[in-house]
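# Pasting a predicted model and its sequence here:
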Amino acid sequence: MKTPDINSPEFQQEFLKTEKFAHKTVKHFSWAFHPDEEIVERVLKGLTNNKIMYGKRFCPCFPVIEKDGKYVSADNRICPCSQAINDEIPNKGVCHCGIFCSPEFAKNYKKEHPQKHQEIEGLSIGELEELLNKEQILGNELEILLKAREKGLVDFELIDIREPFEHQMMRIKGTDKLLPISRVQYDLDEWMKLKDKRIIIYCHVGSRSAYLQRALEQQLGFDKVGNLTYGIADYFGDIERG
């Protein structure tokens with residue numbers, strides 16, 4: 001299945017429909033959009049992409065699978081999902097993918113996040129290796145590992161498993177490959193070349209990459225896979241676009 005071109009008239013027209021849908025959703029539930037406009041834009045484009053490809057606005061943070069000849073979300077996530085309505089926003093203030101939140105969450109966001117950038121310094125080579133071998137890696141930890149890799153202190157490959165349009169919008173500087181989760185069965189040879197290497201995979205907020213991490217380990221025997229726990233949304237280092 002060919003990924004839609006985000007610059008095509010088809011995508012732009014569907015994106016406008018998705019924007020209207022999102023605004024109606026916010027008004028209906030008395031929610032707010034996340035204060036970070038980049039998060040909102042990424043999710044809107046993800047919803048648009050899924051609408052074009054699969055016919056429904058599946059949450060872009062969860063894999064879409066084919067079951068009994070139909071496309072379904074791996075976690076039954078169709079926007080606005082029941083999890084966001086009944087649990088995530090009432091209890092956490094924000095939905096899993098980050099686009100919708102409570103007005104209180106939006107109001108307090110900047111106050112609760114006075115610093116986006118955090119560094120870990122003074123780590124020995126042994127401590128860096130220990131960090132690299134973690135199964136779950138935080139955004140600030142990945143920043144340190146990328147700096148350490150530049151100096152030749154550690155070795156790993158950073159893999160973006162999102163869709164091409166997401167990669168085009170923005171990606172972590174230092175990303176080595178784009179291998180979309182939607183194309184694993186077609187890119188299996190490329191994945192198997194990475195089996196004996198240390199790799200770190202990432203998506204938008206960590207859900208798709210966590211799903212793929214388990215699949216690589218349980219089904220293909222990978223044992224050197226790290227997951228960027230909260231995805232690119234939690235990464236505040238250098239970003240590339242275009």
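That came in fine, so what should we check first?
# tell me the centre residue of the protein?
H204 (1.4 Å; CA atoms, centre = their mean).
# ok, so what distance separates it from D196?
The gap separating H204 from D196 is 28 Å, by CB to CB, to the nearest Å. (Glycine included, C-beta is placed from N, CA and C.)
# again with K27
52 Å.
# Return the alpha-carbon coordinates of the helix-or-strand element of the chain with minimal mean pLDDT using CSV.
Within the chain, no helix or strand scores below helix 103-112, which has a mean of 86 by mean pLDDT, DSSP states H and E. The C-alpha trace of helix 103-112 is given here as CSV (Å, rounded to 0.1, in the frame of the first residue of the first chain):
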residue,chain,number,x,y,z
PRO,A,103,-8.4,23.0,29.7
GLU,A,104,-6.7,22.6,33.1
PHE,A,105,-3.9,20.6,31.5
ALA,A,106,-3.5,23.2,28.7
LYS,A,107,-3.4,26.0,31.3
ASN,A,108,-0.7,24.4,33.5
TYR,A,109,1.4,22.9,30.7
LYS,A,110,4.0,25.6,30.4
LYS,A,111,4.2,26.1,34.2
GLU,A,112,4.7,22.3,34.6
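# list the helices and strands the very next helix or strand once past it packs on?
Later in the chain than helix 103-112, the nearest helix or strand by DSSP states H and E is helix 125-132. The contact analysis (3 or more CB pairs under 8 Å, 6 or more residues apart in numbering; DSSP states H and E) places helix 125-132 against helix 139-150.
# can you give me how far the helix it packs on is from the chain middle?
Remark: helix 139-150 is offset 18 Å from the chain centroid, using CA atoms, centre = their mean, to the nearest Å.
# same thing with stretch 185-198?
Worked out by CA atoms, centre = their mean, stretch 185-198 lies 20 Å from the chain centre.
# swap in stretch 206-216?
With CA atoms, centre = their mean, you get 11 Å for stretch 206-216.
# hey, C-alpha coordinates of it in PDB?
The C-alpha coordinates for stretch 206-216 follow below in PDB (Å, rounded to 0.1, in the frame of the first residue of the first chain):
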ATOM      1  CA  GLY A 206       6.300   5.200  22.000                       C
ATOM      2  CA  SER A 207       3.300   3.000  21.500                       C
ATOM      3  CA  ARG A 208       4.000   1.700  18.000                       C
ATOM      4  CA  SER A 209       7.700   1.300  18.800                       C
ATOM      5  CA  ALA A 210       6.900  -0.700  22.000                       C
ATOM      6  CA  TYR A 211       4.500  -2.900  19.900                       C
ATOM      7  CA  LEU A 212       7.300  -3.500  17.400                       C
ATOM      8  CA  GLN A 213       9.900  -4.100  20.000                       C
ATOM      9  CA  ARG A 214       7.900  -6.900  21.500                       C
ATOM     10  CA  ALA A 215       7.300  -8.400  18.000                       C
ATOM     11  CA  LEU A 216      11.000  -8.300  17.100                       C
END
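# ok, and what's touching it?
61-63, 74-75, 96, 135, 161-162, 181, 184, 191, 201-203, 222, 225-231, 234 (CB atoms under 8 Å, 6 or more residues apart in numbering).
# same question for that stretch, mean pLDDT?
Here stretch 206-216 scores 97 as its mean pLDDT.
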